[in-house]
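Enquirer: Build me a model from this:
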Amino acid sequence: MASPAGFRIHAPALPYFDAVRRAGSIREAARRLNIASSAVNRQVLKLEEELGAKLFERLPGGLRLTAAGEVLAGHVATVLRDAERARGELDGLRGLRTGHVELATLEGLCHRIVPEALAALAERHPRVTVSTAIQGSAAIPDAVLAGDAHLGLAFEVRRRPGLRQLAAVTLELGAVVPPDHPLGGRPTIGLGDCAGSPLILPRGNFANRGQIDELLVGSGGVRHEAGSVELMKGMVLRGLGIAFMTRVGLETELEAGRLVHVPLRQGREAVRSTLGLYARTGTAMPAAAGAFASHLADAMARLHGPRSP
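Expert: Below you'll find the predicted structure:
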């Protein structure tokens with residue numbers, strides 16, 4: 001890739017290039033940046049002209065990085081991370097007034113934990129904004145490691161290089177049934193107690209699916225699958241079966257007495273799942289992200305604590 005004389009490697013076009021790389025299209029990048037598509041396209045074309053190389057392949061399904069684009073993407077990630085680190089340090093010096101945070105999380109966590117943390121953040125720092133992306137369990141740590149999210153909140157995230165755990169709580173997996181169900185009054189149950197009842201299982205986008213599959217080895221019966229907490233709740237409320245999940249996302253229905261969560265046991269042991277809050281290692285967290293992380297950790301502990309060690 002050529003580097004023409006006068007090319008400024010910290011050029012203003014780099015954030016636009018990065019937005020297009022993340023979004024996979026000019027239009028989506030423009031939507032996220034809240035500017036005209038023509039302005040984004042103009043910046044990308046200008047950057048390609050200055051570099052003397054095409055950065056994206058224009059495909060029917062969107063844009064894909066060329067070899068030159070891959071090289072530049074590595075540089076841009078470093079430049080933008082350094083800029084973010086500097087902004088975080090400056091925020092810390094003058095006191096947090098403004099900022100923006102990108103969070104990647106699961107649908108079920110947006111029923112109570114995330115809204116409560118957002119409300120607490122807004123009360124303390126009303127000019128800090130948050131963008132929340134709903135993703136599958138496997139995609140959340142990837143988003144954090146790629147720099148697409150400052151924070152990731154998810155279940156059963158395996159330890160990985162470059163990822164650090166900021167907070168965690170441990171919750172019990174249980175059977176979710178209406179209060180008048182025969183199992184609704186039990187203190188705990190085993191999977192054998194569910195024999196003969198239709199089961200409502202989370203799809204593979206739920207991290208807990210692997211745990212549940214291990215418990216169900218060798219069992220039969222009718223099994224529905226659902227890819228959202230809302231759908232699972234709706235199916236249980238309509239008498240379509242027994243769902244398996246933690247209490248996260250059920251808070252309102254449990255408090256209202258519309259549903260009951262009965263903890264599962266495997267032998268004498270509880271079946272548990274860890275909910276963790278994650279960020280990248282090796283980079284200073286912006287002050288806004290640090291403040292929001294603190295409120296998320298507090299909400300996790302208050303609603304579903306105590307925190308895991």
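Enquirer: distance of the residue nearest to the spatial centre of the chain from residue 177?
Expert: Centroid-nearest residue in the chain: residue 105, 2.1 Å away (criterion: C-alpha atoms, centre = their mean). Distance from residue 105 to residue 177, counting by C-beta to C-beta, to the nearest Å: 26 Å. Every residue, glycine included, has its C-beta placed from N, CA and C.
Enquirer: Repeat that for residue 300.
Expert: The gap separating residue 300 from residue 177 is 25 Å, by C-beta to C-beta.
Enquirer: cool, residue 194 as well?
Expert: Distance of residue 194 to residue 177, computed by C-beta to C-beta: 9 Å.
Enquirer: Between the two, tell me which one has more neighbours.
Expert: residue 177 (25 against 21; other C-beta atoms under 10 Å).
Enquirer: hang on, the more buried one packs against residue 253?
Expert: No: in this structure residue 177 lies outside contact range of residue 253 using C-beta atoms under 8 Å: 11.3 Å.
Enquirer: Spit out the residues that contact the two alike.
Expert: residue 259 (C-beta atoms under 8 Å, 6 or more residues apart in numbering).
Enquirer: re earlier: residues in contact with the residue nearest to the centre of the chain?
Expert: Applying C-beta under 8 Å, 6+ apart to residue 105 gives the contacts 114, 132, 133, 134, 135, 140, 152, 153, 154.
Enquirer: Tell me if I am right that the first one is in a helix.
Expert: Looking back up the chat, that one is residue 114. Yes: under DSSP: H, G, I helix; E, B strand; the rest coil, residue 114 sits within a helix.
Enquirer: got the residue ranges for the helices in the stretch 101-250 of the chain?
Expert: All helices of the stretch 101-250 of the chain, identified by DSSP state H, counting those that start in this stretch, fall at 113-124, 139-145, 208-216, 229-237.
Enquirer: Worst mean pLDDT among those helices?
Expert: Sorting the helices of the stretch 101-250 of the chain by mean pLDDT places helix 208-216 lowest, at a mean of 83.
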